[in-house]
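> Based on what follows, work out the 3D shape:
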Amino acid sequence: MTTLLQIHTSINSGSGESSRLAQQFVAAWQQRHPQAQVVHRDIAADPVPHLTAERFGAFLSKAEDRTPAQKAVVDYSDALIDELKRAEVIVLGLPMYNFGIPSQLKAYFDHIARAGVTFRYSANGPVGLLTGKKAYVFATRGGVYVGTPMDTQTGYVRDFLRFLGIADVEFVYAEGLAISPESKQAGLARAASAIEMLAV
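Now for the predicted structure:
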């Protein structure tokens with residue numbers, strides 16, 4: 001059975017525009033895959049702790065040497081990774097905050113990027129271990145940034161997912177949402193049209 005993992009990163013959880021677009025896609029996708037399982041993770045409502053020296057040290061420690069506190073940190077990271085491993089399809093809502101990704105998403109990324117677990121280093125460079133997955137990213141912005149140096153999200157998210165082995169990534173953008181009501185309506189309409197084409 002196919003599993004889809006939907007990740008909300010908006011500070012508004014499911015009511016954010018990025019979450020709504022992602023949900024539009026998931027609803028349409030479910031109609032075509034009625035037997036599929038959909039797993040939701042809301043990292044705004046249930047935030048991932050930001051990386052600290054202590055948490056990073058737990059990742060680097062040998063299993064047999066971990067303290068109970070370090071084991072709890074690694075177990076938490078392992079649960080996030082296992083959830084990601086089980087999913088064939090990943091749907092990510094991605095609002096832009098101050099020209100970057102939400103800090104809660106960065107914390108999530110920091111807990112799923114684990115050497116020897118989700119990637120490994122080889123003589124030819126890093127090799128992602130989470131292969132065979134498809135990711136859809138629904139990016140919402142107040143301004144218009146696609147194709148400009150101020151779009152710091154697209155390259156970073158694409159490169160990070162590729163680093164883990166997820167190379168098949170599709171972006172849908174809804175931009176200009178804060179410029180005017182007309183601009184917002186047009187941006188969301190373009191995204192909705194893209195969703196109709198993707199959810200087949």
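> now this structure, which segments are flagged as low pLDDT?
Counting by pLDDT under 70, the chain contains low-confidence ranges at 200.
> can you rerun that using 90?
Within the chain, the stretches with pLDDT under 90 are 1, 13-15, 196-200.
> secondary structure element for the spatially most central residue of it?
The geometric centre of the chain, computed from its C-alpha atoms, lies nearest to L92 (CA atoms, centre = their mean), at 4.3 Å. Applying DSSP states H and E as the criterion places L92 in strand 89-95.
> list the helices and strands that strand packs on?
When contacts are defined as 3 or more CB pairs under 8 Å, 6 or more residues apart in numbering; DSSP states H and E, strand 89-95 packs onto strand 3-8, helix 17-32, strand 134-140, helix 152-163. The C-beta positions use only the backbone N, C-alpha and C, and glycine is treated the same way.
> Turn these into CSV, including mean neighbour count.
Converted to CSV, the helices and strands packed on strand 89-95 look like this (neighbours: other CB atoms under 10 Å):
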stretch, mean neighbour count
strand 3-8, 22
helix 17-32, 19
strand 134-140, 23
helix 152-163, 16
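> Identify the residues contacting the residue nearest to the centre of the chain.
Residues counted as contacts of L92 (CB atoms under 8 Å, 6 or more residues apart in numbering) are 7, 9, 22, 135-138, 157.
> ok, so of those, who is nearest S15?
A22 (12.0 Å; CB to CB).
> The closest one against I90, yeah?
No - under the criterion of CB atoms under 8 Å, A22 is not in contact with I90, lying 10.5 Å apart.
> does the closest residue to D78 other than its chain neighbours sit in a helix, a strand or a coil?
Using CB to CB, 6 or more residues apart in numbering and skipping the chain neighbours, the partner closest in space to D78 is V117 (7.9 Å). Following DSSP: H, G, I helix; E, B strand; the rest coil, the label given to V117 is coil.
> Run a quick check on V117 versus D82, I expect a contact.
No - the criterion here is CB under 8 Å, and V117 misses it with D82 at 10.0 Å.
> Any idea how far apart the tips of stretch 141-153 sit?
Start-to-end span of stretch 141-153 (CA to CA, to the nearest Å) is 10 Å.
> Check stretch 61-69 too.
Stretch 61-69 has an end-to-end distance of 12 Å (CA to CA).
> what's it in contact with?
54, 58, 70, 74.
> again, but for stretch 42-52
With contact meaning CB under 8 Å, 6+ apart, stretch 42-52 is reached by 7-14, 55, 80, 102-108, 110-111.
> Going by neighbour count, list what's buried in it.
42-44, 48 (16 or more other CB atoms under 10 Å).
> Can you lay out these as a markdown table showing secondary structure?
Below are the buried residues of stretch 42-52 laid out as a markdown table (three-state DSSP):
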| residue | secondary structure |
| --- | --- |
| D42 | strand |
| I43 | coil |
| A44 | coil |
| V48 | coil |
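> quick one on the thing from earlier: just give me the closest of the contacts of stretch 61-69 to R190.
V74 (42.5 Å).
> doesn't F59 make contact with that closest one?
Yes - V74 is within contact range of F59, at 6.6 Å (criterion: CB under 8 Å).
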